[in-house]
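Trainee: need a 3D model of the sequence below.
(one chain, ligands or ions: 1)
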Amino acid sequence: MKIFYHKAALDDYLKSLRQDNQRIGLVPTMGALHKGHLALLAYVKPHCDVLVCSVFVNPTQFNNQDDLEKYPRPVKHDLDLLRENGCDVVFMPTVEEMYDGNESWEIDLGELDKTLEGAFRPGHYQGVTQIVKKLFDAVKPNIACFGQKDYQQYLVIKKMVELFSMQVKLLLCPTVREKEGLALSSRNVRLSERGKQQAQSIAAILNEVQTNSGHLGVKEARRIAIRDFEAVKAFKLEYFEICYPDDLKVAKDDSKAEKLIALVAVWLEGVRLIDNVIFDVNKINNNYA
Ligand code: AMP
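Mentor: Residues are numbered from 1 along each chain as shown. Presented below is the predicted three-dimensional model:
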């Protein structure tokens, strides 16, 4: 496994592989890797010849300085995991390597920048697209993989790829969860044991939404889910919404759309947790999607 800290050296190396028609796959991460990230690597691996993982805690996407400072950075552990999981190339730049300190960035992400995560984390998706554009320019991947856990982020990146007419195919990997349903996240390590147990109800409540939407309609399913989130005293609910997966517009009560997505953000023990499930209103089952 090769490790690069500089764009120029990375480009030199990848250039020769590209000339040999090798397909480059990219998994962008902020490190503190867990099985969710490893699932992304495994998901993209069959579609590429060279698997690149970037590890970079991007300051421009944090709207909370404390969150940025507390973000875990277990570099050696990350490199060991990448080595054991089929990663060919790691790109691990410094902040100075990625930003010259005097840049501005604003692209038109439309409503995606204003709703749900966009509403509660102003500027977050501008920061995300700014760094992903830089990573795409540095790696020039044929294919890049993102997790469903950050579904809105996937839509935002899709929009950015369209805006810049970039030649990269995007893959969406299903969310990896603990046995009890909690979506894996690098921030989970900041939860106490009790917090982790309480956090399990996020997935449990989301899973009820599908059944309730089918039986009672979207409006009632939304009301019940909000009631259930608010009943967990340790949670501070930021948003819960049932939307159309294409554009994250709020679903109509009588929606007969095949696919809907229920999305949530809650605070627990000072940690912000997000999750979502994509489901089919017409099929009643209880599998996490
Ligand atoms: P992060 O390091 O949190 O920026 O995440 C890097 C990538 O991993 C993003 O595309 C995330 O959506 C994805 N990811 C994070 N957690 C999970 C998970 N539990 N299951 C699937 N993908 C995930």
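Trainee: do I have it right that residue 207 meets residue 181?
Mentor: Yes - if you go by C-beta atoms under 8 Å, residue 207 and residue 181 touch, sitting 7.2 Å apart. Where C-beta positions appear, they are placed from N, C-alpha and C, glycine not excepted.
Trainee: in this structure, what helix or strand scores lowest on average pLDDT?
Mentor: Ranking every helix and strand in the chain by mean pLDDT, DSSP states H and E puts helix 65-70 at the bottom, with a mean of 90.
Trainee: quick one: name whatever helix or strand follows that one.
Mentor: For helix 65-70, the following helix or strand on the C-terminal side (DSSP states H and E) is helix 75-84.
Trainee: so which bits of that following helix are buried?
Mentor: For helix 75-84, burial by neighbour count (16 or more other C-beta atoms under 10 Å) applies to 78, 79, 81, 82.
Trainee: can I get the CA coordinates of it in PDB?
Mentor: The C-alpha trace of helix 75-84 is given here as PDB (Å, rounded to 0.1, in the frame of the first residue of the first chain):
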ATOM      1  CA  VAL A  75      -3.800   7.600  12.000                       C
ATOM      2  CA  LYS A  76      -1.800   4.300  12.700                       C
ATOM      3  CA  HIS A  77      -5.000   2.400  13.300                       C
ATOM      4  CA  ASP A  78      -6.500   3.700  10.100                       C
ATOM      5  CA  LEU A  79      -3.500   2.800   8.100                       C
ATOM      6  CA  ASP A  80      -3.500  -0.700   9.500                       C
ATOM      7  CA  LEU A  81      -7.200  -1.200   8.600                       C
ATOM      8  CA  LEU A  82      -6.600   0.100   5.100                       C
ATOM      9  CA  ARG A  83      -3.600  -2.200   4.600                       C
ATOM     10  CA  GLU A  84      -5.700  -5.200   5.800                       C
END
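Trainee: next, see if that helix gets close to the ligand.
Mentor: No - judged by C-beta under 6 Å from any ligand atom, helix 75-84 and the ligand are separated, with a smallest distance of 10.0 Å.
Trainee: does the ligand sit close to the least confident helix or strand of the chain?
Mentor: No - counting by C-beta under 6 Å from any ligand atom, the ligand has no neighbours in helix 65-70; the shortest distance is 11.9 Å.
Trainee: which residues of this structure lie near the ligand?
Mentor: 29-30, 36-37, 39-40, 146-147, 149-150, 173, 175-176, 183-186.
Trainee: which members of the residues you listed occur in strands, if any?
Mentor: Among the residues of the chain next to the ligand, the residues falling in strands (DSSP state E) are 29, 146, 147, 173.
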